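Peer 1: Just a sequence and a predicted model for now, questions to come.
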Amino acid sequence: MKARRFAFGLFGLSAALLGYELLLMRLLTLAQWGHFAGFVISIAMLGLAASGLCLHFQRDRAVACSETFFSVSAGLFALTAPLAFAVSQQIPFKPFLLAWSAREYFHLASRVLLFFIPFFCGGVATGTPFVARLLPPARLYFWTMLGSAAPFVPLFLGMSAVHPLRLLIPVTICGVAAACATAAHRWQRAVWLAGGLSVFVVVARLPFRYSEYKDLAKTLTLPEAKVLDERFSPNGVVQSVRSPFTRYLPGLSLNFTGTLPRSELVFVDGSAMEAVFDAKQALADPVFLRMSPESFS
């Protein structure tokens, strides 16, 4: 029975851990830019390496209290994974100032430390069954690899249905399930369930913040600007924004003094801004098209 509980826990934790890594890459790409995505891999490797070092020095305690080590570490991962990203969004990190301001290195180090914590906790939980030899190594590797492969399809489908931020909820659910499966006492299960429910409420209500340097963030500062539609896909989050004060057409001649037709601005991941003009107004007064680069095509 104990072996089955650890097999289930290891499967659930492995799925949550790798799913969190992939999701964090997506969230940082969305909040900042794509070059921060690879940064997550380095932080994950740092956290897992540190957890292995911790288990090496705490081997005897991990063997003697394997249930507690696994349950506590898995539960802490489940709770800190979404909270780390939530707190990181409150840190005023401005990557453009790294070359001029030493303060930005402090902000960057703070974000690294925040993301390090859940990977460290997840690494301790994953390594405990191997150190304590709770199952034959082949079975441990089987459940770990199977769990690591599990989140790909759910993440792909989930990103087509909801904002990537809300997918932190399934990560917490998997981590809490792993912690409860190996908890030695009922009160411990109650603690993890209560903590997981609290995190669920926080993530469900948490607003997503884009970098102030992204096109979407700047556009929403215009008077009467509002998001008309938001759609999700694995390729990006697409928003449609309208404001009566937008005047955007790249390459428009400076000699144009008329009024552009009503338009909506379309953003992908908060950037890649494109203008979509009202078809009827554009056809009724197409003068602006003759004063744009498209007129040469």
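Peer 2: All right, it came through fine.
Peer 1: Phi, psi for Val268 please.
Peer 2: phi -120, psi 120 (degrees, to the nearest 10).
Peer 1: Now for the closest residue to it other than its chain neighbours, how many residues are close by?
Peer 2: Once flanking residues are discounted, Val268 sits nearest to Gly236: 4.4 Å by Cβ to Cβ, 6 or more residues apart in numbering. Just so you know, the C-beta spots here come from the backbone N, C-alpha and C atoms, and that holds for glycine as well. Number of residues near Gly236 (other Cβ atoms under 10 Å) recorded here: 18.
Peer 1: Could you work out the end-to-end span of stretch 157-171 for me?
Peer 2: Stretch 157-171 has an end-to-end distance of 15 Å (criterion: Cα to Cα, to the nearest Å).
Peer 1: returning to that earlier point: bridge partners for the residue nearest to Val268, pull those for me.
Peer 2: For Gly236, the beta-bridge partners under DSSP bridges are Ser233.
Peer 1: Outline the domain layout of this protein.
Peer 2: Domain segmentation of the chain under automatic domain parsing yields 2-205, 215-296.
Peer 1: what about the last one, distance to the chain center?
Peer 2: Between the centre of domain 215-296 and the centre of its chain there are 28 Å (Cα atoms, centre = their mean, to the nearest Å).
Peer 1: low-scoring pLDDT stretches of the stretch 1-150 of the chain, where are they?
Peer 2: Scanning the stretch 1-150 of the chain with the threshold set as pLDDT under 70 gives 1.
Peer 1: switch to 80 and redo it
Peer 2: Within the stretch 1-150 of the chain, the set of residues satisfying pLDDT under 80 comprises 1-3, 33-38, 95-99.
Peer 1: Ser271 pairs with what?
Peer 2: On the basis of DSSP bridges, Ser271 is bridged to Val268.
Peer 1: Check whether it really touches Lys218, as I assumed.
Peer 2: No - using Cβ atoms under 8 Å as the test, Ser271 is too far from Lys218 to be in contact (10.5 Å).
Peer 1: What are the boundaries of the helices in the stretch 1-150 of the chain?
Peer 2: 2-31, 37-57, 59-64, 66-88, 103-132, 137-149 (DSSP state H, counting those that start in this stretch).
Peer 1: So for the fifth one, what gets flagged as buried?
Peer 2: To tie it back to what came earlier, the one meant is helix 103-132. Within helix 103-132, the residues scored as buried using 16 or more other Cβ atoms under 10 Å are 104, 107-108, 111, 114-132.
Peer 1: how near is the nearest residue to Pro151 once chain neighbours are set aside to Tyr105?
Peer 2: Of all residues not flanking Pro151 in the chain, Gly19 sits nearest, at 3.4 Å (Cβ to Cβ, 6+ apart). According to Cβ to Cβ, to the nearest Å, Gly19 stands 30 Å off from Tyr105.
Peer 1: Contacts only, for Ser160.
Peer 2: Counting by Cβ atoms under 8 Å, 6 or more residues apart in numbering, Ser160 touches Phe232, Ser233, Pro234.
Peer 1: now Leu135
Peer 2: Ala3, Phe6, Ala7, Pro129, Trp143.
Peer 1: Just confirm the second one contacts Thr182, I think it does.
Peer 2: So the one you mean is Phe6. Yes - the pair Phe6 / Thr182 is scored as a contact, 6.0 Å apart, by Cβ under 8 Å.
Peer 1: and those two? which has more neighbours close in?
Peer 2: Thr182 (30 against 24).
Peer 1: Pretty sure the more buried one sits against Ser71.
Peer 2: Yes - contact status for Thr182 versus Ser71: in contact at 4.6 Å, counting by Cβ under 8 Å.
Peer 1: Pull up the overlap in contacts between those two.
Peer 2: Common neighbours of Thr182 and Ser71 (criterion: Cβ under 8 Å, 6+ apart): Gly9.
Peer 1: Which element, helix or strand, includes Val241?
Peer 2: Assigned by DSSP states H and E, Val241 belongs to strand 236-242.
Peer 1: which strands and helices sit next to that strand?
Peer 2: helix 215-219, strand 226-233, strand 263-268 (3 or more Cβ pairs under 8 Å, 6 or more residues apart in numbering; DSSP states H and E).
Peer 1: Quick one: mean pLDDT for that strand?
Peer 2: For strand 236-242, mean pLDDT rounds to 88.
Peer 1: how long is stretch 251-259 end to end?
Peer 2: By Cα to Cα, the extent of stretch 251-259 from end to end equals 15 Å.
Peer 1: neighbouring contacts of that stretch?
Peer 2: Contact with stretch 251-259 is made by Leu260, Asp285, Val287, Phe288, Met291, Ser292, Pro293, as judged by Cβ under 8 Å, 6+ apart.
Peer 1: Next, the angle helix 66-88 makes with the strand or helix carrying Leu193.
Peer 2: Element membership for Leu193, per DSSP H and E: helix 186-205. Relative orientation of helix 186-205 and helix 66-88, computed by axes from the mean of the first three to the mean of the last three Cα atoms, to 10 degrees: 20 degrees.
Peer 1: All good on my end, thank you.
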